[in-house]
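Asker: Kindly generate the corresponding structure for this input.
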Amino acid sequence: MNKEIILESLKRALESWVRNASAAQLWQVHQEGGLGASIEADEEVVQVRIVLGGSRDALSAIGKTDGRLPVTEAFLGSAAWGAPPAQGSPEREQWFLSSGLAQTHARQYLVAEVSERHDLLERCVDEWIARRGS
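Answerer: Have a look, this model is predicted:
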């Protein structure tokens, strides 16, 4: 199986997960990371499923910001943002879960990180290939 095909499938699966994740799942990823991939492949078909909270692998660090939300295009010029509750406070999670703008920002950040962290995607595929070969 071609490594590039698996890498592309992994990237598409991650992007799909980000688009469809619930607010609680996004919050969990930003707090703790924890994404992982389940890869099934034969000579003709590649299936990749993204899981949250499974066994830790190379993807586990993607998205982990400890709840800090770096500025992305979602916030530029937006007066609706306001000041979020203090980092680490219980109110911050509730604010995030109820803020569509914060969730949009979190999704945008994750998609950018998936594109930028090609090294982690490659490592994930390399680890899968190594496990499959043993």
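
Asker: residue ranges for the helices of the protein, please.
Answerer: Here the chain has its helices, by DSSP state H, at 3-20, 23-32, 90-98, 100-116, 118-133.

Asker: Which residues in the shortest one does the neighbour count mark as buried?
Answerer: Spelled out, it's helix 90-98. Along helix 90-98, these residues count as buried under the neighbour rule (16 or more other Cβ atoms under 10 Å): R92, E93, F96. Where C-beta positions appear, they are placed from N, C-alpha and C, glycine not excepted.

Asker: The longest one too?
Answerer: Within helix 3-20, the residues that qualify as buried by neighbour count (16+ other Cβ under 10 Å) are I6, L7, S9, L10, A13, L14, E15, W17, V18.

Asker: try stretch 41-54
Answerer: Across stretch 41-54, burial judged by 16+ other Cβ under 10 Å covers A41, V46, V48, I50, L52.

Asker: cool, stretch 126-134 as well?
Answerer: Taking 16+ other Cβ under 10 Å as the neighbour-count basis, stretch 126-134 is seen to contain the buried residues W128.

Asker: from now on call the first residue 33
Answerer: New numbering, starting at 33: the last item is stretch 158-166.

Asker: Tell me where the model's unsure across the protein.
Answerer: Residues of the chain that meet the criterion pLDDT under 70 lie in 33, 99-115, 166.

Asker: The residue lying closest to P116 once chain neighbours are set aside: what's it in contact with?
Answerer: Counting by Cβ to Cβ, 6 or more residues apart in numbering, the nearest residue to P116 once its immediate chain neighbours are dropped is W127, at 5.6 Å. W127 makes contacts with P116, P117, A134, as judged by Cβ atoms under 8 Å, 6 or more residues apart in numbering.

Asker: do you know how far the first one is from V77?
Answerer: Spelled out, that is P116. In this structure, P116 lies at 44 Å from V77, with Cβ to Cβ, to the nearest Å as the measure.

Asker: Sweet, I'm off.
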